[in-house]
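> Sequence and computational prediction follow.
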Amino acid sequence: MRTDTDRRLDAHPFGIGFTAPLILASVLNPINSSLIATAMVGIGVDFHRGPADTAILISVLYLCSAVAQPTMGKLGPLFGERRVMIAGSGSC
């Protein structure tokens, strides 16, 4: 026998708590890339590097992010999300 809760879950399997962060991340990701692309000239000038070296620096940033983000996502359930966040922010 199906309950009212089962029917509601079938009608809307993904609530706002699940979809809102996904939508927000999709919207903010291009803004992040635009900010970095705009800042590349300033970053190159500050480090006294040309465009090629600056592009390598940004590529390393993206590569580190591609490795660190899933790693932190895996460490969150193991050690607790709050502990991982505090350790990542350097507030240990």
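Looks like it arrived, so ask away.

> A25 versus the residue positioned nearest the centre of the chain, what's the distance?
Centroid check for the chain by CA atoms, centre = their mean gives Q69 as the closest residue, at 6.5 Å. Using CB to CB, to the nearest Å, we find Q69 at a distance of 11 Å from A25. The C-beta positions use only the backbone N, C-alpha and C, and glycine is treated the same way.

> Equivalent analysis for F14, please.
15 Å.

> which other helices and strands contact the helix or strand P21 falls within?
Using DSSP states H and E, P21 sits in helix 16-46. Counting contacts by 3 or more CB pairs under 8 Å, 6 or more residues apart in numbering; DSSP states H and E, helix 16-46 packs against helix 51-79.

> now the angle from the helix it packs on to helix 16-46?
Interaxial angle, helix 51-79 versus helix 16-46 (axes from the mean of the first three to the mean of the last three CA atoms, to 10 degrees): 150 degrees.
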